[in-house]
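Peer 1: I'll drop the sequence and a predicted model, then ask my questions.
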Amino acid sequence: MRMEQKHHIDVSPEQLQAIGNGFLAYVKPIGAADAARMLGQPVQAGPEGKLFVLFNANGAPISISQSYEAAVGNAMEHEMVATRLH
């Protein structure tokens, strides 16, 4: 029986943020109050009282939408792959 060797690689938080930067994005639901803090002005929430922020892999916000589908559409417009965070 052959044993497979496993390698461990240490990755810094900065390196982890850079992985997928400009290609990977994530969508996170937020409330209107959080969106207003991000934008510095009042924001109208979506039908469920939530908004959806599209973030770059490095954590930089790209857009705020009233639906998850619109946020994913924004990712596609930026030629990015999006995933959902809870």
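Peer 2: Cool, got the structure. Numbering: from 1, shown residues only.
Peer 1: in what helix or strand does residue 74 lie?
Peer 2: helix 68-77 (DSSP states H and E).
Peer 1: mind listing what's buried in that helix?
Peer 2: Neighbour counts over helix 68-77 (16 or more other CB atoms under 10 Å) mark 68, 70-72, 74-75 as buried. All C-beta spots, glycine's among them, are computed from the backbone N, C-alpha and C.
Peer 1: what element comes up after it heading to the C-terminus?
Peer 2: Downstream of helix 68-77 (by DSSP H and E), the next one is strand 81-84.
Peer 1: Quick check, central residue of this structure?
Peer 2: residue 26 (2.3 Å; CA atoms, centre = their mean).
Peer 1: and it, which of the three is it?
Peer 2: strand (DSSP: H, G, I helix; E, B strand; the rest coil).
Peer 1: Test my guess that it contacts residue 72.
Peer 2: No - contact between residue 26 and residue 72 fails when scored by CB atoms under 8 Å: they sit 10.5 Å apart.
Peer 1: shared neighbours of the two, anything?
Peer 2: Residues touching both residue 26 and residue 72 (CB atoms under 8 Å, 6 or more residues apart in numbering): 54, 82.
Peer 1: need the strands for the protein, in chain order.
Peer 2: Taking DSSP state E as the test, the strands found in the chain are 24-31, 50-56, 61-65, 81-84.
Peer 1: Need the contact partners of the third one.
Peer 2: With contact meaning CB under 8 Å, 6+ apart, strand 61-65 is reached by 25, 30, 35, 38-39, 43, 46, 51-56, 71, 73-75, 78.
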